[in-house]
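> please find the sequence and the predicted model below.
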Amino acid sequence: MAVSPPACPRRLLPLSLGLFQGALLLFFTLFVTYDEPSVQTEDASVVANQLYSIFPLFQDIQVMLVVGLGLLLTFLPRYGLSVLTHNFLLLNFSTQWALMLQGLLHRFHHSQVHLDLHNLLTAEFAAVTVLISVGAVLGRTSPCQLLVVAACEVPVYLASEWAIITQLGVLDVGGTITIHVFSCYFGLGVSKALFGAVRWPTHPKETPTPRSDLMSLVGTLILWVFWPSFVAVLCQPGDAQHRAILNTLLAMSASALTTVVASSLLERDGKLSPGHLQNGSLAGGVVIGAVANMAVSPVTALTLGSLSAMVCVLGFRFLTPFLARKLLLQDQCGIHNLHGLPGILGAAASAVAILAASEDTPRSQVSPTRGNASRAVWGHWGDSAAGGQALCQVAGLAVAIGGSLIAGLLTGAALRLPCLAQPSERLCLDDSLYFKMMDQAGSQGPGSTAEEGVLALKEQV
Amino acid sequence: MAVSPPACPRRLLPLSLGLFQGALLLFFTLFVTYDEPSVQTEDASVVANQLYSIFPLFQDIQVMLVVGLGLLLTFLPRYGLSVLTHNFLLLNFSTQWALMLQGLLHRFHHSQVHLDLHNLLTAEFAAVTVLISVGAVLGRTSPCQLLVVAACEVPVYLASEWAIITQLGVLDVGGTITIHVFSCYFGLGVSKALFGAVRWPTHPKETPTPRSDLMSLVGTLILWVFWPSFVAVLCQPGDAQHRAILNTLLAMSASALTTVVASSLLERDGKLSPGHLQNGSLAGGVVIGAVANMAVSPVTALTLGSLSAMVCVLGFRFLTPFLARKLLLQDQCGIHNLHGLPGILGAAASAVAILAASEDTPRSQVSPTRGNASRAVWGHWGDSAAGGQALCQVAGLAVAIGGSLIAGLLTGAALRLPCLAQPSERLCLDDSLYFKMMDQAGSQGPGSTAEEGVLALKEQV
Amino acid sequence: MAVSPPACPRRLLPLSLGLFQGALLLFFTLFVTYDEPSVQTEDASVVANQLYSIFPLFQDIQVMLVVGLGLLLTFLPRYGLSVLTHNFLLLNFSTQWALMLQGLLHRFHHSQVHLDLHNLLTAEFAAVTVLISVGAVLGRTSPCQLLVVAACEVPVYLASEWAIITQLGVLDVGGTITIHVFSCYFGLGVSKALFGAVRWPTHPKETPTPRSDLMSLVGTLILWVFWPSFVAVLCQPGDAQHRAILNTLLAMSASALTTVVASSLLERDGKLSPGHLQNGSLAGGVVIGAVANMAVSPVTALTLGSLSAMVCVLGFRFLTPFLARKLLLQDQCGIHNLHGLPGILGAAASAVAILAASEDTPRSQVSPTRGNASRAVWGHWGDSAAGGQALCQVAGLAVAIGGSLIAGLLTGAALRLPCLAQPSERLCLDDSLYFKMMDQAGSQGPGSTAEEGVLALKEQV
């Protein structure tokens, strides 16, 4: 069962990763230091307070990405170890790669890069895009291919984020446009260019078991709980952050209920689909990112949460099969339904919210907003300025979709290089391809229990 | 295996949930706003500090309710998806429902409801009672029935909490009386009225497997870790909160050890029962709620933790079978042992602690206590006042038990409506009743491995 | 299958635990109180701020020890319940025991012990050493034996920590020397003295299944996420703490990537070993403890993380089999590879970092460091002082290794007492030895599915 690919590609992963580690060490040796320690006691207490305000949120986000997202992807019953490991590997690789690229960009202007928790956080946000994108090609790609995706996507993300936030001045504190929409279309581009016109029958190992669905649902719940931290961590402390947390909580609560409604209505016999639940409950977090810290009313957050869950479930029911049939587009995890559609909805909502805010709210309520990562604080506006800003939001959406699609298609084409060792359809979706299983039974997935079944039978018969 | 109930009830769940969502949106549109943003920088820093003091505890509680409690209930081996989903659905539904009811009550006095994290927290506390109560009827009820329980229990809880805390002035910062005792007897009332005099043999799907016991134990551990946040979140910042955390930590540590002692002594061959561990370790958190922020000594917390674990394990060993035999009372999760008995013990302890405090401690140590949710800060007392307060604690306990039992019985009677689609005994306790399983094997629970067993056998034989 | 040991040892566990609980209650009654509540409002706000700065980190550490470490050890497929329970029991027992011993020591100097969160934290650190040490003898020891290990190890740890930190003035904020190295060699000593020259063939229940590997990996990820809190919790607030967190994050990220490289290079066909991943990813956290708050550059943290992962994976591949063959040393969890080797590396690194700091950094950067638990704040140094301090670090390492090995060997010899009921090789590594399984199928481990396999077959054949 455990057939090995030829030796050369087998060494490609450790060698390229090792080289990358070397380059990273060199870069850090030359350019990166910590901030000078503060010499005055008063400063020390400021540093301490800053730390206490950001560190718990940072930890929440780490739990989301490492544990929550990892578990969410374990719905493939025999691919759990691989999915957790690849997710973990990609997170670390992409974060380090983003740190390096950010540092290089920074170096053009300054002599030394001063590393702090905020740098790490923005680098981790870059890594999130990779983790989302690879969901489209999950299970049918080798780790080397995934690393190439990460290597290509991170710089494109940094460029796109710079264009959207810094140049266009788009408001998107929770990453609806810059992270979710971007990574979704990047991933779809990769999938299209990599798999081309192949149409596979459903792989027997693709069908979730109740147990793998359960693990995946636990992942969803972890993501659901900590999502407010993800949206609010880069907000300005004070009202804006408080509001971002509340909006996210409301949107996620609404999308949880609406998912049950929509999923139950769409199935003939009123049953729920585990896949709908695993994704739809999170749609509220995606949609709310762009408006979370704006002066929207609570009902807006609830409505957006409900709509996004509806759109997500409808996408799973109708759009994904349609795209698979017409465009032959593979989307293993349904990232288009969880990140693409709600992301577009959220971007549109942010434009509307800005137009509405210019009409009926005092200016001071809109102003305490801030873009996503390294951005200018955005000031007050009148009617015309609001129109301009709303246009910017739409333009930012267009840039995110266009740029990511093109870059994704190019990246996907690069993944077809034979040395990247794409697994064959027969062997894919199985942990034994990448993990040394200690027993023969183990290499058959959860087959040890099957063996027991046989033994038990022999004893009885 | 997957037999569908008639179409009408199948649509009841999404339609009623959808209607509820609509009503909620309407209510929020008309009445709910956020606080005005603070215009002064100084205020902003106050808002930020308040947020940093409550938000980490709030997240801890969310993890407890969504992940920890969900996993704790997965001890039914083929009902894991349903349990996690129903728990999640009920939490969201009840929180929104409590927000709406709280808002309506508030509306009688003020023009607008200003939503903040504190409102959400108290609404979530109302939802906790529902999550506890449904443990008594777990697995043999449909989602529609569970929603009816939530719809009935939340208003009764709000009324009971108002009577106990606001009117009687009971001290109960951790919800021992208002949450645990209340929800326990509400749940038992529902169970009695719903199941009546039926006595079932043990359902084959009711027996935990080692794997489902393991998942359930993980849930226990998550609850165990975060319980101090649940008890302390509504305490006054400063000493009282610090003491509440320490008391809870001590009580839970003691109950963990005592559970092992008690469980091991009660079984003939000295083995442990997984069910005892899963519940007894948490009894310390239930018992300590009413006295957590009082000026009790550390040894009191340890003693209460030990006693509660003992009571809980004894309840599982003797009382539950006795009640099932004599009163034909079904208590699937043993909520009477985890929430009822330790809750009563905690209420009694709070009365004693108040009497003791009036004798031997200076007044200032007792005063920094505060009731559970929206309540008056409670002042100093002399000997007679202490006696009065102790009486109040007992009266509060009586109100909680009496009110909840009556309301629970009425709710349970309502659940017998045929349109609520109670599952038949043959089909219950199985995920396939509520979830679309993608493969035939899947609909048999973890049967895919069984299928493999057969295949493996055919290859060998 | 479920054979019971004789009755007498079966009662030893609950009776000794019960006695211990009684002694603890007595001790707390006589000697332990809480701090006096602060009477001034200003003080209350200071108390509150201290709480908010330490409590989230404390909770993170609780999650690590209770959930993360517990899950990490569930790689034994039929021993998951036992492992989680024993870990939980030992944590609580050792923490209470350490609280009592610390309190007794304190009593020699003062009249009353004032309990606060900081005391609990240092007691929990003592408990960590026990949790690590028993990894060496996991699965082949009875709970009574584990309690004896805890009873012996905690006082030795306290003495060793006093000698290393208070007397020698070793800098070790993250416990690299005092916790990791100490507990590793203590555990190896226990294993050697307990198992002596026995050499077992691999037990059939020792081989992880894909599912148990998955659970274990989830445990690793939880530990990985929260490790920075463990290292930083005792640092001085401000720069030192910020730096400790950053250093730990960098080291752990580097060790995650390097583990993949090393594991993939060492296996013939380039596959990964789950065991390497589960341990190597955490080596960075072990190694960084001693230097985390020093003024080292970011590249140092990355390098140490990479080296430690390499050392850990090499240890698993070559050293563990070598020790098992030559010294007949059993190390079930490979604690020597995760705690011993990276710990020694970290201790050496701390000596080098101190020497380097005296040469090329201004004094103020090195000074804001602090030892592990109850220690003197360490001041500035010149060249000769640096040399002395570096020597101290090495001396501390020697004390930790020597003291723990001797004490471990003695403890291991005590474990051979027959009344401690060591399980026979035939029965060990199975939950049914310590847990009452409710069904016959359950007592065969995950055998219920096996039974289903048979049933499904009978229906088909």
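All right, it came through fine.
> taking the stretch 51-200 of chain A, what residue is nearest to chain B?
Closest approach between the stretch 51-200 of chain A and chain B, counting by Cβ to the nearest Cβ: A:Pro56, at 4.8 Å. Every residue, glycine included, has its C-beta placed from N, CA and C.
> how about the contacts made by that residue?
Under the criterion of Cβ atoms under 8 Å, 6 or more residues apart in numbering or on different chains, the contact list for A:Pro56 reads A:Ser229, B:Tyr52, B:Phe55, B:Pro56, B:Gln59, C:Pro56.
> quick one: those as CSV, columns for pLDDT, distance to B:Phe93 and secondary structure too.
What follows is the contacts of A:Pro56, written out as CSV (pLDDT from 0 to 100; distance: Cβ to Cβ, whole Å; DSSP: H, G, I helix; E, B strand; the rest coil):
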residue, pLDDT, distance to B:Phe93, secondary structure
A:Ser229, 96, 24, helix
B:Tyr52, 86, 30, helix
B:Phe55, 94, 23, helix
B:Pro56, 93, 26, helix
B:Gln59, 96, 21, helix
C:Pro56, 93, 30, helix
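> A:Ala324: which of the residues you listed is nearest?
When those are ranked by distance to A:Ala324 (Cβ to Cβ), A:Ser229 comes first, at 34.5 Å.
> got the buried residues for the top helix by length along chain A?
Of all the elements of type helix in chain A, the one with the most residues (DSSP state H) is helix A:383-414. Applying a neighbour-count criterion of 16 or more other Cβ atoms under 10 Å in any protein chain shown, one finds A:386, A:389-390, A:392-397, A:399-401, A:403-405, A:407-409, A:411-412, A:414 buried in helix A:383-414.
> shaky segments in chain A?
Along chain A, segments meeting pLDDT under 70 span A:1-9, A:37-41, A:359-382, A:438-461.
> which residues touch the residue nearest the centre of it?
Within chain A, the residue whose C-alpha comes closest to the C-alpha centroid is A:Ile132; the distance, by Cα atoms, centre = their mean, is 3.4 Å. By Cβ under 8 Å, 6+ apart, the contact set of A:Ile132 is A:Ile179, A:His180, A:Ser183, A:Cys184, A:Gly187, A:Ile335, A:His339.
> ok, now how distant is A:Ile401 from chain C?
31 Å (Cβ to the nearest Cβ, to the nearest Å).
> cool, A:Val170 as well?
Counting by Cβ to the nearest Cβ, the separation of A:Val170 from chain C is 29 Å.
> can I assume that residue sits in a strand?
No. Residue state for A:Val170 (DSSP: H, G, I helix; E, B strand; the rest coil) corresponds to coil; a strand is not indicated.
> now the stretch 101-250 of chain A against chain B: closest residue?
Nearest to chain B in the stretch 101-250 of chain A, going by Cβ to the nearest Cβ, is A:Gly238, at a distance of 3.4 Å.
> how about the closest residue to that residue other than its chain neighbours, secondary structure?
Once flanking residues are discounted, A:Gly238 sits nearest to B:Ala44: 3.4 Å by Cβ to Cβ, 6 or more residues apart in numbering or on different chains. Three states are possible here, and by three-state DSSP the one that applies to B:Ala44 is helix.
> any idea how many residues pack against B:Ala44?
B:Ala44 is flanked by 20 other residues according to other Cβ atoms under 10 Å in any protein chain shown.
> repeat for A:Gly289
Using other Cβ under 10 Å as the criterion, A:Gly289 is surrounded by 31 other residues.
> which non-adjacent residue is nearest it?
Leaving out its chain neighbours, the residue that sits closest to A:Gly289 by Cβ to Cβ, 6+ apart is A:Gly174, at 2.5 Å.
> repeat that for A:Lys192.
Among residues not flanking A:Lys192 along the chain, A:Leu329 sits closest, at 5.7 Å (Cβ to Cβ, 6+ apart).
> what of A:Gly169?
For A:Gly169, the nearest residue in space outside its immediate sequence neighbours is A:Cys392; the separation is 5.8 Å by Cβ to Cβ, 6+ apart.
> show me the contacts for that neighbour.
Taking Cβ under 8 Å, 6+ apart as the contact definition, A:Cys392 lies against A:Leu168, A:Gly169, A:Val170.
> the first one reaches A:Gly396, doesn't it?
The one in question is A:Leu168. Yes. Distance between A:Leu168 and A:Gly396: 5.1 Å, which falls inside the contact criterion (Cβ atoms under 8 Å).
> and A:Leu115, backbone torsions?
Main-chain torsions, A:Leu115, degrees, to the nearest 10: phi -80, psi 130.
> from A:Phe27, how far out is it?
Between A:Leu115 and A:Phe27 the distance is 12 Å, computed by Cβ to Cβ, to the nearest Å.
> which one's more surrounded, those two?
Under the neighbour definition other Cβ under 10 Å, A:Leu115 and A:Phe27 were set side by side, and A:Leu115 has more, 24 against 20.
> for beta bridges, what are the partners of that one?
Per DSSP bridges, the residues bridged to A:Leu115 are A:Tyr34.
> so it touches A:Gln96, yeah?
No. Assessed by Cβ under 8 Å, A:Leu115 is found out of contact with A:Gln96, at 11.9 Å.
> give me the element A:Leu147 is part of.
Under the criterion DSSP states H and E, the helix or strand holding A:Leu147 is helix A:143-161.
> relative to the whole chain's centre, how far out is that helix?
What separates the centre of helix A:143-161 from the centre of its chain is 13 Å, taken as Cα atoms, centre = their mean, to the nearest Å.
> what angle sits between it and helix A:383-414?
160 degrees (axes from the mean of the first three to the mean of the last three Cα atoms, to 10 degrees).
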